[in-house]
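In: Below are the sequence and a predicted model for it; my questions follow.
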There are 2 protein chains.
Amino acid sequence: MNIGEAAARTGLPAKTIRYYEEIRLIRPHRAANGYRFFSDRDLHKLSFLARARALGFSIEDCRMLLALYEDETRASADVKRVAEGHLRRIDQKIADLKSMRETLSELVEACAGDHRPDCPILKGLSAEPARMPG
Amino acid sequence: MNIGEAAARTGLPAKTIRYYEEIRLIRPHRAANGYRFFSDRDLHKLSFLARARALGFSIEDCRMLLALYEDETRASADVKRVAEGHLRRIDQKIADLKSMRETLSELVEACAGDHRPDCPILKGLSAEPARMPG
DNA sequence: ATGGGCCTTCCAGTATTGGGAAGGTCAAGA
DNA sequence: TCTTGACCTTCCCAATACTGGAAGGCCCAT
């Protein structure tokens, strides 16, 4: 199939599929007219990539996972290691965002949000960060 | 003070400070030799930027917040609106990450992580996403 | 004069696309 | 057969928010 159909079937934009070829995640064949030709196997790989990306894996993680996926002699431990590393990064990001959220929501709640210029949010951003006593 | 001292005092890399000048977030004066010269006011603005960035505000949000910071006649409602918008984006990101985390941790827990090739993680990435019954 | 540590500008790269221009190909209809 | 429109191609630029490095100027101390 051509790239348009591959895009429709995987949900990936054609642009993204071309990019994945450029960085050698996939290597579709070419028809005589120069059009990319995607086999069912290519389609499976694209779907795999779409799902891995949706779970937030980086392109390089995806490259590793795809290689493991295609290696019948892989050890599941190798896959698990990649996934656990990603899980830790996700947890770190969640923790960072929660910390930001907490600080920011305190400032937002303290702000009257009216016509007056006095604003705890701006005060909080311009002051030294509050430190826990002790 | 020169850029090195401004960097040391704000915790921002000199490169980042130059970038902030390039995109016109700050406009330090220049000494006769061409070196940037940072006033205390510039330093306050840099610290403000550092804190806003640490809370995850985008550069464009920072530009807006800085303008409000410098506008004595601002309405706190305008500041609050920017902050609330950011808070919503943070909540959305947290929700997305939690959703990823949940799916991924299920796969990781199901994976033996040994020398055998059988791997629920790869299966999960290659299969249609599970759908709730109903 | 020399050396080291500042400072300057400019160029290029990161990761992952998205947008769009300029042009080739194909299938269907008049 | 010609045209139209939907595909497809490559190439270049934009975005975010920096980060690295090269080449060279400035300043101070020895």
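Out: In hand now; what should we look at?
In: Chain A against DNA strand C: which residues are in contact?
Out: Residues of chain A found near DNA strand C (C-beta under 7 Å from any atom of the strand) are A:13, A:15-16, A:19, A:32-34, A:53, A:58-60. (Each C-beta comes from the backbone N, C-alpha and C, glycine too.)
In: Can you list the residue ranges for strands in chain A?
Out: A:29-30, A:36-37 (DSSP state E).
In: And the contacts of the last one?
Out: Applying C-beta atoms under 8 Å, 6 or more residues apart in numbering or on different chains, the external contacts of strand A:36-37 come out as A:1-3, A:6, A:17-18, A:21, A:28-31.
In: residue boundaries of the helices in chain A?
Out: A:3-10, A:14-22, A:40-54, A:59-70, A:76-110, A:120-126 (DSSP state H).
In: Relative to DNA strand D, how far out is A:Tyr19?
Out: 9 Å (C-beta to the nearest atom of the strand, to the nearest Å).
In: and stretch A:117-130, anywhere near DNA strand D?
Out: No: shown here: stretch A:117-130 not in contact with DNA strand D (C-beta under 7 Å from any atom of the strand), separated by at least 14.4 Å.
In: So that stretch, near chain B or not?
Out: Yes: using C-beta under 8 Å from any C-beta of the partner chain, stretch A:117-130 reaches chain B at A:117-119, A:121-122, A:124-126, A:129.
In: From the centre of chain A, give me the residue that's furthest out.
Out: Relative to the C-alpha centroid of chain A, counting by C-alpha atoms, centre = their mean, A:Arg116 is the outermost residue, at 41.1 Å.
In: Return the per-residue confidence for it.
Out: In this model, A:Arg116 is scored at 96, pLDDT.
In: which residues sit in contact with it?
Out: Counting by C-beta under 8 Å, 6+ apart, A:Arg116 touches B:75-76.
In: if we can go back for a sec, biggest separation within the residues of chain A next to DNA strand C, which pair?
Out: Using C-beta to C-beta, the two most remote members of the residues of chain A next to DNA strand C are A:Ala32 and A:Ser58, lying 36.0 Å apart.
In: separation between the nearest residue to A:Ser76 once chain neighbours are set aside and A:Leu49?
Out: Counting by C-beta to C-beta, 6 or more residues apart in numbering or on different chains, B:Cys119 is the residue found nearest to A:Ser76 once chain neighbours are left out, at 4.0 Å. As judged by C-beta to C-beta, to the nearest Å, B:Cys119 and A:Leu49 stand 17 Å apart.
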